[in-house]
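Chemist: Okay, predicted coordinates and the sequence, questions at the end:
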Amino acid sequence: MEPRYPGTAPSQKLMLLDFLDARRQAVLGKVGAMPYEAMSASVLPSGWTPLGMLTHLVFMERRWLVWGFKAEAVREPQGDRGDDHRFQVPKGWGYLELSALYAAQAERTRAIVEAADLSDRGALGGWFATPEEAPTLGWILLHVLGEYVQHAGHLDIVAELVSDSDAR
């Protein structure tokens, strides 16, 4: 469902959060609609799986908002990537665990964004060491939204390939 604002002029922050929520739901819906076996199998030469992509999105959002913007300590900020730099799913994580982490990260992001201004820069000490490196919250949200849009398109292709292979 696309965000709509009849008769109002919402803030940029609200629009960004609502569009991010809509993209998250689209991604979760695409992965959730796949047969369970297809979630953890790859149909692409690069080898990533839909669950690997979901893992990447959870870690990516946490990396940018919690570790990056807030500079809070994050255990394994790059934990979505294996030694070969491909998306990986930690042992024991399945769709149910990932969708719960996904929802929790969405709530955390919303709380962080609601408590700040889009022009605020990321804190130092997490991902960013100098003020020049630290982007604004608005830039971070646009980057995160771009990741979701890009990867939703990737999941469209995978869903089509999975559907085609099921039809054969």
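Modeler: All right, it came through fine. Numbering: from 1, shown residues only.
Chemist: Show me the residue sitting in the middle of this protein in space.
Modeler: For the chain, L57 is the residue whose C-alpha lies nearest the centre (C-alpha atoms, centre = their mean; 3.0 Å).
Chemist: what's whichever strand or helix holds it in contact with?
Modeler: L57 belongs to helix 50-62 when elements are defined using DSSP states H and E. With contact meaning C-beta atoms under 8 Å, 6 or more residues apart in numbering, helix 50-62 is reached by 24, 27-28, 30-31, 34, 38-40, 42, 48, 74, 77-81, 86-90, 93-95, 98-99, 101-102, 105-106, 108-109, 144, 147-148, 151, 154-155, 158. For every residue, glycine as well, the C-beta is placed using N, CA and C.
Chemist: try 7 Å
Modeler: 27, 31, 34, 38-40, 74, 79-80, 87-89, 93, 95, 98, 101-102, 105, 109, 144, 147-148, 151, 154-155, 158 (C-beta atoms under 7 Å, 6 or more residues apart in numbering).
Chemist: just the buried members of those?
Modeler: 27, 31, 34, 38-39, 74, 79-80, 87-89, 93, 95, 98, 101-102, 105, 109, 144, 147-148, 151, 154-155, 158 (16 or more other C-beta atoms under 10 Å).
Chemist: all helices of the protein, in order?
Modeler: All helices of the chain, identified by DSSP state H, fall at 12-32, 36-39, 50-62, 95-114, 137-167.
Chemist: Now mean pLDDT too, for those, in TSV please.
Modeler: What follows is the helices of the chain, written out as TSV (pLDDT from 0 to 100):
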stretch	mean pLDDT
helix 12-32	94
helix 36-39	93
helix 50-62	96
helix 95-114	96
helix 137-167	91
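Chemist: looking at these, which is buried most?
Modeler: helix 50-62 (a mean of 23; mean count of other C-beta atoms under 10 Å).
Chemist: distance between stretch 105-113 and the chain's centre?
Modeler: Offset of stretch 105-113 from its chain centre (C-alpha atoms, centre = their mean, to the nearest Å): 12 Å.
Chemist: Same check on stretch 64-74?
Modeler: 14 Å.
Chemist: list the contacts for the nearest residue to L155 once chain neighbours are set aside?
Modeler: In space, and not counting its chain neighbours, L155 is closest to K30: 4.3 Å by C-beta to C-beta, 6 or more residues apart in numbering. Applying C-beta under 7 Å, 6+ apart to K30 gives the contacts 152, 155-156, 159.
Chemist: try 8 Å
Modeler: Per C-beta under 8 Å, 6+ apart, neighbours of K30: 50, 152, 155-156, 159.
Chemist: Closest one to L20 out of those, please.
Modeler: If you rank the contacts of K30 by distance to L20 using C-beta to C-beta, A152 comes first, at 11.7 Å.
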